[in-house]
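Next comes the sequence, and after it the predicted model I'd like to discuss.
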Amino acid sequence: MMPRYITSTTLFAGLTVLLSAGSGSAQIPEEFDNLQVLDHEISRGELVSLMRGFASALGLRCNSCHVGDDPDDLEGYDFASDEKELKVVARGMLEMVGEINETFIPLAGRAEHMQVQCATCHRGLRVPLALRALMLQTIDEEGTEAAVTRYGELRDQYYGRAAYDFGQGSLNNVAETLARRGDVEDALTIIRLNIEHNPDIGYPNVLHAQILFMMEDREGAIAAIERAIELEPDNDFYKQQLERLRSPGQSP
């Protein structure tokens, strides 16, 4: 019996890939050793479709977890081996997903319509960091310039997919986090990056104004708020911010 967290949709999609696959599937054994989480009665077709689903959800290939060299030719693979740590990690993740789907989701009364899968968190990424977290990590480890370059690379590779949220909110959050901890120069770089990629949205300009005000550039802050109002002329909050900036002794 298939684990309950393997949905019919996942299975169908996996089988579709399997039926259209090349000779790689021919190298997969008919019987399986060392299954510790999956049902020992699982069929070859079910297991292959499941493995393909894992690979797609995490952006991995067969040799990421299994002992073998060529991901396109599975001849000679030692599928039973636990030599690779990632395979052991995958077992733990499967157990976690099974527990969520079989125990916790039913407690919320949503088991009929909701099932967690690998792609729920990973979204095609081996390490499923949100864009905000990845940008802050890159800034802390490599600097803001490297983070800006990384953002461009990720946008080129993943824009339009579910892997990262390229909406204004991610970079807004990064800029606000940097400003709160006193890294205002870095915050300014990030919010300007956000404005570059979201030129028709008002709120990044409001954050731009707040950061400029922190840098004692009141005139620049006024210009930034005016740009926000230009983009969203009915926004009363932006207008209030502008009035405060134009009043000596007031802050946004």
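Cool, the structure landed. Numbering: from 1, shown residues only.

Could you list every helix and strand that the strand or helix carrying Tyr151 packs against?
Of the helices and strands defined by DSSP states H and E, Tyr151 is found in helix 144-158. Helix 144-158 sits against helix 131-142, helix 184-197, with contacts defined as 3 or more Cβ pairs under 8 Å, 6 or more residues apart in numbering; DSSP states H and E. Quick note: C-beta positions are derived from backbone N, CA and C, even for glycine.

Could you export those as CSV, including mean pLDDT, mean neighbour count and distance to Ser56?
Shown next, in CSV, are the helices and strands packed on helix 144-158 (pLDDT from 0 to 100; neighbours: other Cβ atoms under 10 Å; distance: least, Cβ to Cβ, whole Å):
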stretch, mean pLDDT, mean neighbour count, distance to Ser56
helix 131-142, 98, 17, 21
helix 184-197, 98, 20, 28
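
Let's have those helices in CSV, adding distance to Cys62.
Below are the helices and strands packed on helix 144-158 laid out as CSV (distance: least, Cβ to Cβ, whole Å):
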stretch, distance to Cys62
helix 131-142, 26
helix 184-197, 36
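
Tell me the first helix or strand C-terminal of the helix holding Tyr151.
Next element after helix 144-158 (DSSP H and E): helix 168-180.

lowest average confidence, helix or strand, in the protein?
helix 8-19 (a mean of 38; mean pLDDT, DSSP states H and E).

next structured bit after that one?
Per DSSP H and E, helix 8-19 leads on to helix 44-58 as the next helix or strand towards the C-terminus.
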